[in-house]
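> Here's my sequence, what's the structure:
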Amino acid sequence: MIESSYFENTPVRPVQCQTMEELTKQAAEESVSVSGIILYGTAFKQGTRYFFLAPIRYSMLDELIYTERSKKGKKRKLSTREVELLSNRPEDRNHTKSIQQYLEDNGTSEYILPPITLNVPEGSRVSLYLRETSAHVAMAVLVIPHGIKLLVTDGQHRVNAINDTIEYLVGDELGEQLKQDYIGVMVTFESMLTQVHQDFADCSRTKQLSQSQISVYDQRNAANSVVLELEKLCPIFSGHVDASGKSVSKEETNRIWLVNWLRQMIKGLLFSGVNMSNLKFEEAANKKLDTKIKTEEAKQRCAMFVNYLTERLDPWKQMLDAWNLPENDPERVTKIKKLRQEYLCFTVTALNVLGYVGYELLERVGAREDWKLFVDQLAKLDWRKDAPMWQGLLVQNGRIVTQHSTTKDAVRIISQEIGLVPKPTPEAVPVTV
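Numbers count the residues shown, from 1 in each chain. A predicted model of the protein is given here:
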């Protein structure tokens, strides 16, 4: 039997019932008397508290849940005191809109929204009917009297996005379909706002996916499948890409690339847009690669460019040779580290530059008939980090520069060096007599 002491000083009235029939009957009778809403779910214990978990239909969210909505127009800065008085953080309208767009794009297919956490507001009173049990989990029914709105502890952007999507698509087939979908909710029974704030902070203790992991897992972006295929089709990348890290150690001799580096390269190769936001990248990719045939053709073009370059770029060829040495060969580690230390072409900056050049050769107006001639010249450039052409451009005071403007400048100079665009004509120097 769940002890009633767990619910002392909370806004919930626990009612223990011996049978499910008794539980549902009493809950239904109270619901009628208070014109309330019934939620069927499970009560369970964590630490010193009990929570209630249940699904809620989307069409009920607006009636049942109160969220902090930001006003349209310029975002107003809030003081510490103002934030302290809110049950949840101020709304980020852009975040709400991104979830709304996700629902509009995927609502008729496979999609997922994680559960939200709610709290019964101070001064309210709800009833929790529990099936008697010796365990710390029980079938339960929550009765919420008419007029009470639960407050969002975590998930207000999901709630607002769902409500906004249904309102925007009123009368639309997708809007009607979404009204019948459900989202999981976990209800807490906290009377102290400070504990509600602590619960929100605790709910946020999740590890954000790195861009490399997003590239692997998020296949809604068609370009991510191109990234993964590039790793499989290109020997210079195959088996040597780190799919979980955010950086590569100087001591690393096997996985010397990051998936996100390849993703950046694909942004350049397909869209000439290394600096594109993730949202713009996904929109552009799904528009350009809207069929399996187009996606497959893009994979083959990108791999063709990288593999042709690999066959001619001496540092990359040397790296492949080093990787092919036996693991116990003492020269293997030395050669790999030396190549990484000396050559620019093993950095994300170089992949960005190569992506831009590849776009000009294969994507801007389709594949040029003479594209291989320019790649030949590209491979002949001096890719050593201390080469004069990179100093003050991609290398400043011995450090690799990653700024987008610098990358574009490097692309312009490289394009001139390989003959892709004419070199500027030197201004005539006036002759004095």
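> can you tell me the helix or strand for Lys55?
No Lys there; residue 55 is Pro. strand 49-57 (DSSP states H and E).
> That strand: how far from the chain's middle?
Per CA atoms, centre = their mean, to the nearest Å, the displacement of strand 49-57 from the mean C-alpha position of its chain is 27 Å.
> Please pull up the helix or strand immediately following it.
Downstream of strand 49-57 (by DSSP H and E), the next one is helix 58-64.
> which residues are in contact with that following helix?
With CB atoms under 8 Å, 6 or more residues apart in numbering as the test, helix 58-64 has contacts from 37, 56, 144, 149-150, 159, 162-163, 166, 178-183. Just so you know, the C-beta spots here come from the backbone N, C-alpha and C atoms, and that holds for glycine as well.
> So what's the gap between it and the chain middle?
Relative to the centre of its chain, helix 58-64 is centred 27 Å away, using CA atoms, centre = their mean.
> Low-confidence bits of the stretch 301-433 of the chain, can you list those?
Applying pLDDT under 70 to the stretch 301-433 of the chain flags residues 426-433.
> before we move on, the earlier item: now for the strand holding Pro55, which elements pack on it?
Where contact means 3 or more CB pairs under 8 Å, 6 or more residues apart in numbering; DSSP states H and E, strand 49-57 is packed against strand 37-46, strand 137-144, strand 182-188.
> Okay, the spatially most central residue of the chain and Gln100: tell me how far apart.
In the chain, the residue lying closest to the centroid (CA atoms, centre = their mean) is Ile214, at 5.7 Å. Per CB to CB, to the nearest Å, Ile214 is found 20 Å from Gln100.
> Quickly find the element holding the closest residue to Pro424 other than its chain neighbours.
Distance criterion CB to CB, 6 or more residues apart in numbering; nearest residue to Pro424, sequence neighbours excluded, is Gln416 at 7.7 Å. With elements taken from DSSP H and E, the one containing Gln416 is helix 404-417.
> buried ones in that helix?
Thr406, Thr407, Lys408, Ala410, Val411, Ile413, Ile414, Ser415, Glu417 (16 or more other CB atoms under 10 Å).
> Report pLDDT for Leu53.
For Leu53, the pLDDT comes out at 97.
> Using the three-state scheme, assign Lys293.
Just so we're on the same page, residue 293 is Ile rather than Lys. For Ile293, the assignment made with DSSP: H, G, I helix; E, B strand; the rest coil gives helix.
> pLDDT at it, what is it?
pLDDT at Ile293 comes out at 94.
> Can you report how many residues lie near it?
9 (other CB atoms under 10 Å).
> picking that back up, show me what the helix or strand harbouring the residue nearest to the centre of the chain is packed up against.
Element membership of Ile214, judged by DSSP H and E, is helix 211-217. Judged by 3+ CB pairs under 8 Å, 6+ apart, helix 211-217 is in contact with helix 222-233, helix 259-271.
> buried ones in stretch 20-33?
Going by neighbour count (16+ other CB under 10 Å), the buried part of stretch 20-33 is Leu23, Thr24, Gln26, Ala27, Glu30, Ser31.
> now Thr407: how far from Val357?
The gap separating Thr407 from Val357 is 11 Å, by CB to CB.
> Could you do Val226 as well?
Val226 is 17 Å from Val357, by CB to CB.
> who touches stretch 31-47?
So stretch 31-47 is in contact with 2, 6, 27-28, 30, 50-56, 60, 63-64, 128, 130, 136-146, 148, 185, 187, going by CB under 8 Å, 6+ apart.
> Please save the CA atoms from that stretch in CSV.
Output of stretch 31-47 as CSV, limited to C-alpha atoms (Å, rounded to 0.1, in the frame of the first residue of the first chain):
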residue,chain,number,x,y,z
SER,A,31,-15.1,13.8,-12.4
VAL,A,32,-18.8,14.3,-13.0
SER,A,33,-19.3,16.2,-9.8
VAL,A,34,-16.4,18.6,-10.5
SER,A,35,-16.9,18.7,-14.3
GLY,A,36,-13.3,17.6,-14.5
ILE,A,37,-10.9,15.8,-16.8
ILE,A,38,-9.8,12.2,-16.2
LEU,A,39,-6.3,10.9,-17.0
TYR,A,40,-5.6,7.2,-16.9
GLY,A,41,-2.0,6.2,-16.2
THR,A,42,0.5,5.0,-13.7
ALA,A,43,1.8,6.4,-10.4
PHE,A,44,5.4,5.6,-9.5
LYS,A,45,8.1,6.5,-7.0
GLN,A,46,11.4,8.3,-7.5
GLY,A,47,13.4,9.3,-4.5
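> for it, the distance to its chain's centre please.
Centroid displacement of stretch 31-47 relative to its chain, using CA atoms, centre = their mean, is 34 Å.
> what comes up buried for it?
Ser31, Val34, Gly36, Ile37, Ile38, Leu39, Gly41, Ala43, Phe44.
> Go through those and say which is closest to Lys385.
The nearest member of those to Lys385, counting by CB to CB, is Phe44 at 57.9 Å.
> returning to what we had before: output the buried residues of helix 404-417 in JSON lines; the columns should cover distance to Val248.
As requested, these are exported to JSON lines (distance: CB to CB, whole Å):
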{"residue": "Thr406", "distance to Val248": "20"}
{"residue": "Thr407", "distance to Val248": "19"}
{"residue": "Lys408", "distance to Val248": "24"}
{"residue": "Ala410", "distance to Val248": "21"}
{"residue": "Val411", "distance to Val248": "23"}
{"residue": "Ile413", "distance to Val248": "26"}
{"residue": "Ile414", "distance to Val248": "24"}
{"residue": "Ser415", "distance to Val248": "28"}
{"residue": "Glu417", "distance to Val248": "28"}
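> can you tell me which two in the residues you listed are farthest apart?
Thr406 and Glu417 (16.2 Å).
> Surely Tyr66 and Val152 touch.
Yes - using CB atoms under 8 Å, Tyr66 is in contact with Val152, at 7.4 Å.
> higher neighbour count, those two?
When neighbours are counted by other CB under 10 Å, Tyr66 and Val152 differ, and Val152 comes out ahead with 26 against 17.
> Just the element for that one, please.
Assigned by DSSP H and E, Val152 falls within strand 150-154.
> name the helices or strands packed onto that strand?
With contacts taken as 3+ CB pairs under 8 Å, 6+ apart, strand 150-154 sits against strand 65-66, strand 116-119, helix 193-203.
> downstream neighbour of that strand in the secondary structure list?
The helix or strand immediately downstream of strand 150-154 is helix 156-168, counting by DSSP H and E.
> send the alpha carbons of that following helix over as CSV?
The C-alpha trace of helix 156-168 is given here as CSV (Å, rounded to 0.1, in the frame of the first residue of the first chain):
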residue,chain,number,x,y,z
GLN,A,156,6.6,24.2,-23.0
HIS,A,157,8.0,24.7,-26.6
ARG,A,158,6.6,21.3,-27.5
VAL,A,159,3.2,22.2,-26.1
ASN,A,160,3.1,25.6,-27.8
ALA,A,161,4.3,24.1,-31.1
ILE,A,162,1.5,21.5,-31.0
ASN,A,163,-1.2,24.1,-30.2
ASP,A,164,0.2,26.5,-32.9
THR,A,165,0.3,23.7,-35.5
ILE,A,166,-3.3,22.6,-34.9
GLU,A,167,-4.5,26.3,-35.0
TYR,A,168,-2.5,27.0,-38.2
